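**Student:** what shape does this take:
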Amino acid sequence: MADRIRVLIADDHLIVREGLRLLLETATDIVLAGEACNGAEAVEIARREHPDVVLMDLSMPVLGGIDAIAAIRAEEAGTAIVILTTYADHRLIRRGLRAGALAYLLKDTDRATLLDTIRAAARGETLLKPEVLGRLLSPAESPRHPSSTGPDTVDLTEREREVLAAAARGERSKEIADRLGITERTVKAHLTNLYNKLGVDSRAAAVAVAARLGLLDSAEDLDSRK
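**Tutor:** You can find the predicted model right below:
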C-alpha cells in the first residue's frame with residue numbers, strides 16, 4: 001500500500017468522480033486518496049491526505065480549479081497536479097500550468113493515457129511534448145519567464161544543459177542520474193537551479209520555456225557530442 005500512488009479526484013460532477021474512481025480501481029499501483037466536489041474541499045483534503053497526484057477540474061464552485069492548484073502547490077510542494085478539462089481551452093489550461101499544474105487531460109481521454117499521465121506526474125514528469133507546452137505557454141503568458149530572447153542570455157552550466165535535455169526527452173530523475181553518473185538528489189538540485197534560472201516551478205514549465213528560448217536545441221547539441 002505504501003508504494004501505491006495516492007490520487008485525489010477534484011470535480012464537481014459526481015458522475016465524473018465515479019467514472020474516474022472506477023478507472024483508478026483497475027490499476028494495482030494506484031489508490032484513491034479522496035474526492036472533492038469543489039476547489040476549497042480539494043485544498044483541505046490535499047492538506048490532510050498529502051496525495052501524490054491531484055486530478056483537478058478547472059471549473060468548480062466555492063474555489064475555482066486554478067486557485068485551488070495555486071493553493072495546493074503552495075502548501076504541498078510534493079503533490080503533482082494534472083488538469084482535467086472538458087474542452088481544450090488553451091487560455092484556462094495556460095493559467096493552470098502557470099499556477100503549478102504539471103500536465104492536462106481532456107475528460108474523454110482513454111484509460112491508458114489517464115493512468116500513464118498519473119504515473120508520470122507522480123514521478124514529477126509530464127507526457128506533454130515540449131512543442132505542445134511551448135504553444136500553451138506562449139511568450140505573453142509563460143510563468144515568470146525571463147526577459148531574455150535567446151539561449152545565450154540564460155546562463156546554464158554544462159551539467160544543467162544535460163539535465164535539461166534529458167528532462168525534455170521525458171527521462172525520469174533516476175534515468176538521468178544513472179546516465180550521467182550522479183545521484184538522484186544531484187539531479188533534483190540541478191532541476192531546482194534550472195527552475196530558478198528560467199523563472200518556473202515545474203519540469204513541464206521549464207521544458208516549455210526552454211523550448212521557446214531555443215535552449216533545448218543547444219542542450220541537445222551538447223548532449224549529442226557526449
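**Student:** quick one: the top helix by length along the chain to chain centroid distance?
**Tutor:** In the chain, assigned by DSSP state H, the helix with the most residues is helix 184-198. Between the centre of helix 184-198 and the centre of its chain there are 15 Å (Cα atoms, centre = their mean, to the nearest Å).
**Student:** so for that helix, mean pLDDT?
**Tutor:** For helix 184-198, mean pLDDT rounds to 88.
**Student:** list the buried ones in it?
**Tutor:** 186-187, 190-191, 194-195, 197-198 (16 or more other Cβ atoms under 10 Å). For glycine as for every other residue, the C-beta is placed from the backbone atoms N, C-alpha and C.
**Student:** in those residues, find the pair that's most separated.
**Tutor:** Using Cβ to Cβ, the pair of the buried residues of helix 184-198 lying farthest apart is 186 and 198, separated by 18.6 Å.
**Student:** ok, and the closest non-adjacent residue to residue 10?
**Tutor:** For residue 10, ignoring the flanking residues on the chain, the nearest one in space by Cβ to Cβ, 6 or more residues apart in numbering is residue 42 at 3.8 Å.
**Student:** so which elements touch the helix or strand harbouring the one you found?
**Tutor:** Per DSSP states H and E: residue 42 is located in helix 39-49. Judged by 3 or more Cβ pairs under 8 Å, 6 or more residues apart in numbering; DSSP states H and E, the packing partners of helix 39-49 are strand 5-10, strand 30-36, strand 53-57, helix 65-75.
**Student:** walk me through the domains of the protein.
**Tutor:** As assigned by automatic domain parsing, the chain contains the domains 5-127, 151-224.
**Student:** number of residues surrounding residue 14?
**Tutor:** By other Cβ atoms under 10 Å, the residues close to residue 14 number 10.
**Student:** now do the same contact list for it.
**Tutor:** residue 37 (Cβ atoms under 8 Å, 6 or more residues apart in numbering).
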